[in-house]
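build the 3D model from these lines:
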Amino acid sequence: MISLFNRAISYLSIVAFLSALLALINVVLQFSWLASFILLATIVMFILILREEKQSKINETVHLESQPIEENDALESKVQERTLELNIALQELEEANKELQEKNTLDELTGAYNRRFYDQKILAEHRRSRRNLTPLSLVVIDIDHFKKVNDKYGHLAGDECLVAVSACLKQCLRRSTDIIFRYGGEEFCVILPETDSKGALALAEELRENIAKCEITFNGIAINLTISLGTSTYLQQKNVQPEHLFAAADQALYQAKNNGRNQVKQQDIEKISQD
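Reported below is the predicted structural model:
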């Protein structure tokens with residue numbers, strides 16, 4: 001309301017000024033009223049044109065000031081969209097790499113880790129054991145008379161037995177650090193970080209008992225299996241490498257097999273390293 005009143009006062013002031021100007025022109029120049037009116041109209045039109053140009057410049061300035069804001073908003077929206085797409089692509093790539101890594105480290109048949117990953121893991125655990133001064137044990141496992149299973153029931157039955165044995169062995173592993181590997185053929189091994197010889201012997205016996213109880217069937221036929229096991233333990237003995245640890249456990253395994261199978265034997269790692 002106040003703004004409208006101020007605008008009216010402004011217009012009345014302009015009209016009064018122009019009327020006074022028109023009267024002055026008549027007196028000084030002695031123009032006719034028609035000529036004075038034309039002059040007045042020209043002045044008014046000139047003033048209106050100036051005001052229109054001024055308003056146009058103001059509008060253009062406002063538009064130019066608002067345009068960068070709109071462009072920035074659009075640019076920011078595109079950046080957020082591209083960032084989201086990039087994060088999705090990175091997540092998909094990470095999942096693909098994880099899947100590829102699992103394929104490279106897992107045995108396709110049994111789902112246990114493969115020999116290649118064993119070679120990497122035993123080296124890493126040996127270094128960690130030496131650095132932290134903690135024991136490191138290894139259990140080597142062999143399925144008894146597995147060739148007879150293949151000859152009697154066929155290789156598909158043998159594959160089924162390997163899968164079942166791997167699953168039964170995994171059931172006994174309670175720590176995430178204890179890892180089972182398919183070393184080759186019907187031979188498995190288990191790496192036991194921070195486990196002394198007594199702990200390794202106890203777990204090996206549990207593995208043996210669990211396989212003896214494992215129910216394996218193929219085409220409706222029950223197949224009973226047993227395993228022989230050898231263990232060894234690394235206690236920071238001098239000049240002992242991962243291959244010595246495996247050699248000791250492997251020698252203990254053959255002692256178990258030669259002694260009648262379906263049993264656990266343990267081998268002192270120092271005897272192997274000194275040979």
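
per-residue confidence at residue 193?
Residue 193 is assigned a pLDDT of 97 by the prediction.

would you mind measuring from it to residue 131?
Counting by C-beta to C-beta, to the nearest Å, the gap from residue 193 to residue 131 is 12 Å. To be clear about C-beta, it is placed using only N, CA and C from the backbone, and glycine gets the same treatment.

between these two, which one's more packed in?
It is residue 193, of residue 193 and residue 131, that has more neighbours when counted by other C-beta atoms under 10 Å, with 19 against 9.

next up, the contacts around the more buried one.
Listed by C-beta atoms under 8 Å, 6 or more residues apart in numbering, the contact set of residue 193 reads 125, 128, 129, 134, 136, 177, 178.

distance of it relative to residue 94?
Taking C-beta to C-beta, one finds residue 193 at 27 Å from residue 94.

can you give me the strands in the chain?
Secondary structure of the chain by DSSP state E: the strands cover 136-143, 179-184, 187-193, 216-218, 221-223, 227-234, 264-266.

now for the first one, which elements pack on it?
Counting by 3 or more C-beta pairs under 8 Å, 6 or more residues apart in numbering; DSSP states H and E, the packing neighbours recorded for strand 136-143 are helix 115-132, helix 155-171, strand 187-193, helix 197-213, strand 227-234, helix 242-258.

residues in contact with the second one?
When contacts are defined by C-beta under 8 Å, 6+ apart, helix 155-171 is touched by residues 107, 109-112, 141, 143, 146, 149-150, 180, 182, 186, 188, 190, 207, 210-211, 214, 216, 218-219, 221, 223, 225, 227.

which of the residues you listed count as buried?
Neighbour counting by 16 or more other C-beta atoms under 10 Å classes 107, 110, 112, 141, 143, 146, 149, 180, 182, 186, 188, 190, 207, 210-211, 214, 216, 218, 223, 225, 227 among these as buried.

among the contacts of residue 193, which one has the most neighbours?
Once you tally neighbours by other C-beta under 10 Å, residue 136 ends up highest among the contacts of residue 193, having 27 neighbours.

quick check, pLDDT for that one.
pLDDT, residue 136: 97.

so it touches residue 236, yeah?
No: Residue 136 is beyond contact range of residue 236, at 9.1 Å (criterion: C-beta atoms under 8 Å).

find residues that contact each of the two.
With C-beta under 8 Å, 6+ apart, residue 136 and residue 236 have common neighbours residue 129.

so where is the stretch 1-150 of the chain shaky, pLDDT-wise?
1-73, 93, 96-103 (pLDDT under 70).

roughly how far apart are residue 94 and residue 106?
Taken as C-beta to C-beta, the span from residue 94 to residue 106 is 18 Å.
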